[in-house]
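when you get a sec, could you give me coordinates for this:
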Amino acid sequence: MLIRASDGETCTLALAPRSVAEFYRELMATLEAMRLPVKSHPLSVELPEPIRLDRDTQHHAYDREYVDRLRRAAPEPAGLKDARVQPDAAYYHRELNEFILPYDAVRKADSPDDVIRAFIDSTYDRAANLAKWDRGALDRVMG
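You can find the predicted model right below:
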C-alpha cells in the first residue's frame, strides 16, 4: 500500500496476512510518522456485529486477488449515483455515498461467489467508464 502526502512524501505499508489490529496499529503509526494527523473511529460499523479494528486479532486473512478487485471511485464521477449495477438487489445508498449489496441477496443466491463478483465487477465498470479512466492501463485480466 502506497501512502502519498501532498508534499510528496511517500511511504509503503506491506499488505500481507496479519491481524486487523496489527495492520491498524502499523497504519496509524505510519500516518503519524508522516505527520498526517488522522482521527479514526476504530469501530467497523459496516458489520452487523461491529468489531474494534484496533482490537481485532481474530481476522487475519489477506487475498491479493480480491484486493485487486476492490476499487472505490473518488472523486465520484457524475452519474454514478444513478448507475445500474448487478445484481438487481444492489443499490446506491445516497447517505453513505456508496453501492450496497444486501447480505440477504448473497446469502440466498445459488452462487454467492458469482453474486459478489458481479457486484464488484459492475460497480468498478460503471465508475471506470463514467470517470473515463484509462482502462487499458488499469485493468488486469483475471485468470
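
show me where this structure has helices.
For the chain, the helices defined by DSSP state H occupy 20-33, 64-69, 103-107, 112-130, 135-138.

buried sites along the first one?
Neighbour-count burial for helix 20-33, counted by 16 or more other Cβ atoms under 10 Å, picks out 20-21, 23-24, 27-28, 31. From N, CA and C alone the C-beta is placed, and that goes for glycine too.

repeat that for the longest one.
Neighbour counts over helix 112-130 (16+ other Cβ under 10 Å) mark 115-116, 118-120, 122-124, 126-128, 130 as buried.

try the third one
The neighbour-count criterion (16+ other Cβ under 10 Å) identifies 105-106 as the buried residues of helix 103-107.

likewise for the shortest one?
Judged by neighbour count using 16+ other Cβ under 10 Å, helix 135-138 contains no buried positions.

what's it packed up against?
helix 112-130 (3 or more Cβ pairs under 8 Å, 6 or more residues apart in numbering; DSSP states H and E).

which neighbouring elements make contact with the helix it packs on?
Judged by 3+ Cβ pairs under 8 Å, 6+ apart, helix 112-130 is in contact with helix 64-69, helix 103-107, helix 135-138.

let me have the ones you listed in TSV, adding distance to residue 91 as columns.
Converted to TSV, those look like this (distance: least, Cβ to Cβ, whole Å):
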stretch	distance to residue 91
helix 64-69	20
helix 103-107	10
helix 135-138	25
